[in-house]
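**Q** Could you look at this predicted model? Sequence included:
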Amino acid sequence: MLYTSTILPTKHDGGDENAEPQGAYYIKHPVLDGTPVDSSGDDLPESAPAPQPNPQNKRPWHPFESQAHFELADFIFCQNEMPGAQIDELMHIWASMPGHAGTPPFSNHEHLFSSIDAISEGDVPCTSLSMESAEADTSSVIPSWKKATYEVVFHDPQILLDHQISNPGFKNHIDYSLQLVFGDRGQCVWSDLMTGNWAWAQCNELSNDPDNHGAMFVPIILGSDKTTVSVATGNNEYYPLYISTGNVHNGMRHAHGEAVSLLGFLSIPKTDQEFESDPEFCTSRRHPFHTSLEAIFHAMHPAMEKPQIVKGADGHYCRAIYALGPYIADYPEQALLACIVQGWCPKCTAHHANLDNDPNAILHNHEYSQLLMDSFASHVPWQKYGIVDDILPFTASFPCANIHKLIAPDILHQIIKGTFKDHLVSWVEAYLKKHYKSDFEAVLADIDQCIAATPPFPGPRHFSQGHGFKQWTGNDSKALMKVYLPAIVGYVPDQMVQALSAFMDFCYIVTQSSLDEADLDALDKALQCFESEHSIFEREGIYSDGISIPWIHALQHYHEAIELFGAPNGLSTSIVESKHIHAVKKPYQQSNKNEELAQVLLVNQWQDKLAWFQAEHFAEGLLNKPIVIPEGNAKDKNVSKSHDDIHLQEAEDDDSERIDAVVELAHRPLRDLRLFETQNLSEMGQSVGHAELPDLVSMFLFQQRNPGIDIPDISECPRVVDPGYSFHSAVAIFHAPSELSGANGMHHQCIHACPSWRNGPPCYDCVFVEKDPTLPGFQGLFVAQWFTPVGDEPCENTGMWKVEHEYDESGDHLVTHLMGIYGDEYLPHDLKYSDSLSDFGSFYVNKYSDYHAFN
């Protein structure tokens, strides 16, 4: 089991300081430790309580009249995103309803907007700056892009960061000091950014200044990505810039809430069509980008050199010192950031024609770029070293910042899309086309049929038509990865299957929310295997010029990136892209399309104000109860919630001990009359053909009550005399941190055992049962009770275990979720996915169905 900094004990509470620590522990930085201070900056005693909210406040819901007014405003503006005209109409209807005396909660949309704007917390000034080319003049020979004025609109970054640090909703999801974390086996563990070696090295550097002692180190995470807001407008492309503090845990950034804020909009240089391919224009576009970023953070220079007093999410003040941290971007953006030529690596100096095996490659830095520009004519750095001349990245103007090191790993575009979808899947299809020639279409159709025949399972998407869709999304690629490997077995050489299997292992390791040294060893092993086996694509003439691709080469930098910045899934571009919807696209639709950038920033500010207001009142205990309890259910405070939501909330509760697992049965038992009338377990066992059911239940109950004790004679086990019922489904909620889980690492899945799911075909999910806890991985598990492993090792090619039906004396067996071993013949086109498990004799156990199965 891996540990994160939020659940570990301290290293020692006394005793021998030289003794080896037992179990998991962490070590805080000894100097920059986030010591609490008062509002004047003086250190507080370690046990000093946090300042309490003013209990004399007689208007706790100001600027709203009541809790109901606030929740209505939040519902209309944030949840429903209702346009102003519709708000006016709603208030008009409200006023005309009997009993309201013509007075709605808000007179119109302007009244509602002004109430939101009056929230004191969350005000962030908006600034704009204009840039133009130094060559701009009125001469007709100057291209239009040199005459253009570029405008950048942005918030104050330090105020946005301070709001994130002081957000009470992050109270239990923020680190005030960095820490080295160690697991049960004494190995280093990397999870959130503040567990990474980069933050530790930064604090060591800052420790040289006595004024920084006791300060809180605040890494600044940035991300930018162009997006389109409407295909109906002429200028429909925008360039949002996002900001987050590295102190907030990765799970909060996954939650797409206030942990990531819209900082502003960068300019997009445009020109006439005749100049779009002009090398000078292509090169000059970097200047507005880097000039803008340098200007946006220029005012933060003092805060990067001396600590500033800020309020933390727990109510304490602390002295914070800031530093530019990881930058989230896809490859084209990384090339722009690093001021390199497309096709080269933004992190190292490897030659673009031999990225993976250049013996002279070293890690990149600003000094190296400057040396090349000072030593050679302008065209030499570009052509020979992949360096764009006459410009350095914006980080060169800030202390201890090197953009080449700070570029974050990008799971979405480098691994899922860049390597798997754009290259491996394309290469496999190119091989099939070259090898099968006239049968290519039939083979591709059969692979699609294999994918479509995959039985349903919680998590993996069902591809009813195979993978031949026209437009791929990141979710499409992730879903296809789970089911692709068994479908191509037999059609491509074993070495290709082994290459994809090694790549999949690499992918699933890096997407874990916490990694230790053993995981990094496994990561290196998977990468080494992938790089060795993917050479078959070169030998088969699919990529005959040698594989030297930036997206694939980037895999070599993941080991170091994990040690520097923690788990990569906390810095993926998927976080930025998902933010586009609520931060840019929907606010744009709410604007009047006139000077819309300022309006979009204002909408984001109002959303942040409402979120802050809600978090603050929740922390004060004012939002723990519903406004109105529905009639007839006064005793049931959770009446409006499903059982799933209730238990998920209980499991996620920060103020109580973490619940590792909760299982909730379906609301109603089995409706089959024959079973429903069964009155006891003995009769139920007879009905399903297992007369030993009462004894099995008794032994199970004994084990639950007496863990670790051998089961005695059955007569000493508790007997069940109450009526028994059978259920077709249940919801399991368990602690399993990943990008699929909630902020506290809780994940839920629905388990099916249904003869008909939603009036459709049967749905029987896979069940793993512990066989021997001392054996590693799958060796210690059963697949349900009716499948047995084929052999003592996983398949050499796919890396998956194989299982086959285990028949009893009557020949009966239970169907469950597995992936069929498809064999050498084409699948019949009328094969239904619901019949797959009964029509195949042997199966792969799909370890790629989700991250938890892989682990």
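**A** Nice, thanks for sending it over.
**Q** Next one, pLDDT for residue 643 please.
**A** Confidence at residue 643, expressed as pLDDT, is 36.
**Q** Verify the stated contact: residue 166 with residue 309.
**A** No - using Cβ atoms under 8 Å, residue 166 is not in contact with residue 309, being 11.3 Å away. Just so you know, the C-beta spots here come from the backbone N, C-alpha and C atoms, and that holds for glycine as well.
**Q** These two: who's more crowded?
**A** residue 166 (20 against 14; other Cβ atoms under 10 Å).
**Q** Pull the contacting residues for that one.
**A** Residues near residue 166 by Cβ atoms under 8 Å, 6 or more residues apart in numbering: 310, 311, 312, 313.
**Q** again, only using 10 Å
**A** For residue 166, the contacting residues are 121, 174, 310, 311, 312, 313, 314, 315, 316, 317, 612, 616, by Cβ atoms under 10 Å, 6 or more residues apart in numbering.
**Q** roughly how far apart are residue 431 and residue 496?
**A** 7 Å (Cβ to Cβ, to the nearest Å).
**Q** shared neighbours, these two?
**A** Jointly contacting residue 431 and residue 496 under the rule Cβ under 10 Å, 6+ apart are 488, 536, 537, 540, 542.
**Q** Identify the contacts common to residue 166 and residue 309.
**A** Common neighbours of residue 166 and residue 309, using Cβ under 10 Å, 6+ apart, are residue 317.
**Q** Can you tell me the element residue 731 falls in?
**A** Applying DSSP states H and E as the criterion places residue 731 in strand 729-735.
**Q** Show me what that strand is packed up against.
**A** Helices and strands touching strand 729-735, by 3 or more Cβ pairs under 10 Å, 6 or more residues apart in numbering; DSSP states H and E, are helix 643-652, strand 661-665, strand 746-754.
**Q** Lowest average pLDDT across the ones you listed?
**A** Mean pLDDT is lowest for helix 643-652 among these, at a mean of 38.
**Q** which of residue 431 and residue 496 has more neighbours?
**A** Neighbour count, other Cβ under 10 Å: between residue 431 and residue 496, residue 496 has more, with 23 against 20.
**Q** For that one, which three-state class applies?
**A** Taking DSSP: H, G, I helix; E, B strand; the rest coil as the rule, one finds residue 496 in the helix state.
**Q** State the distance from the closest residue to it other than its chain neighbours to residue 492.
**A** Once flanking residues are discounted, residue 496 sits nearest to residue 536: 5.6 Å by Cβ to Cβ, 6 or more residues apart in numbering. As judged by Cβ to Cβ, residue 536 and residue 492 stand 9 Å apart.
**Q** How about residue 444?
**A** Residue 444 is 12 Å from residue 492, where distance means Cβ to Cβ.
**Q** tell me which element residue 115 is part of?
**A** Secondary structure from DSSP H and E places residue 115 in helix 109-117.
**Q** ah, wrong one, I meant residue 204
**A** Assigned by DSSP H and E, residue 204 belongs to helix 197-206.
**Q** Give me the helices and strands touching that helix, please.
**A** When contacts are defined as 3+ Cβ pairs under 10 Å, 6+ apart, helix 197-206 packs onto strand 179-182, strand 216-224, strand 317-328, helix 558-565.
**Q** I'd like these as TSV, with mean neighbour count, distance to residue 598 and mean pLDDT appended.
**A** Shown next, in TSV, are the helices and strands packed on helix 197-206 (neighbours: other Cβ atoms under 10 Å; distance: least, Cβ to Cβ, whole Å; pLDDT from 0 to 100):
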stretch	mean neighbour count	distance to residue 598	mean pLDDT
strand 179-182	21	41	91
strand 216-224	25	19	96
strand 317-328	24	25	96
helix 558-565	21	33	96
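**Q** Kindly present these as a markdown table, with separate columns for distance to residue 454.
**A** Output for these, formatted as a markdown table (distance: least, Cβ to Cβ, whole Å):
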| stretch | distance to residue 454 |
| --- | --- |
| strand 179-182 | 38 |
| strand 216-224 | 35 |
| strand 317-328 | 33 |
| helix 558-565 | 29 |
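**Q** Tally up the residues packed near residue 205, please.
**A** 12.
**Q** cool, residue 92 as well?
**A** For residue 92, the count of nearby residues is 12 (other Cβ under 10 Å).
**Q** which residues touch it?
**A** Counting by Cβ under 10 Å, 6+ apart, residue 92 makes contact with 104, 107, 108.
**Q** Go again with 8 Å.
**A** Residue 92 is in contact with residue 104, counting by Cβ under 8 Å, 6+ apart.
**Q** most residues in a single helix of the chain, which one?
**A** Counting residues, the longest helix found in the chain (DSSP state H) is helix 596-619.
**Q** Could you check that helix and say which residues are buried?
**A** Using 16 or more other Cβ atoms under 10 Å as the test for burial, helix 596-619 gives 596-597, 599-617, 619.
**Q** Next one: the residue lying closest to residue 199 once chain neighbours are set aside relative to residue 301, how far apart?
**A** Counting by Cβ to Cβ, 6+ apart, residue 199 lies nearest to residue 178, which is 4.5 Å off, once chain neighbours are set aside. Distance of residue 178 to residue 301, computed by Cβ to Cβ: 22 Å.
**Q** So which of the two has more stuff around it?
**A** Set residue 178 next to residue 301 and count neighbours by other Cβ under 10 Å: residue 178 wins out with 30 against 13.
**Q** show me the contacts for the more buried one.
**A** By Cβ under 8 Å, 6+ apart, the contact list for residue 178 reads 28, 29, 32, 194, 195, 196, 199, 200, 203, 217.
**Q** Do I have it right that the third one meets residue 201?
**A** The reference is to residue 32. No - in this structure residue 32 lies outside contact range of residue 201 using Cβ under 8 Å: 11.6 Å.
**Q** tell me the contacts of the closest residue to residue 414 other than its chain neighbours?
**A** Distance criterion Cβ to Cβ, 6+ apart; nearest residue to residue 414, sequence neighbours excluded, is residue 554 at 4.6 Å. Contact analysis of residue 554 by Cβ under 8 Å, 6+ apart lists 331, 345, 347, 409, 410, 414, 418.
**Q** Quick check, pLDDT for residue 554.
**A** pLDDT, residue 554: 95.
**Q** and if you look at residue 410?
**A** At residue 410, pLDDT is 93.
**Q** Share the number of residues neighbouring it, please.
**A** Residue 410 has 26 neighbours, counted by other Cβ under 10 Å.
**Q** that older thread, what's the separation between the residue nearest to residue 496 and residue 34?
**A** Distance from residue 536 to residue 34, counting by Cβ to Cβ: 52 Å.
**Q** Who has more neighbours out of the two?
**A** The residue with more neighbours, out of residue 536 and residue 34, is residue 34; 24 against 20, by other Cβ under 10 Å.
**Q** For that one, which non-adjacent residue is closest in space?
**A** Counting by Cβ to Cβ, 6+ apart, the residue nearest residue 34 is residue 176, at 3.1 Å.
**Q** That neighbour - how many residues pack around it?
**A** 23.
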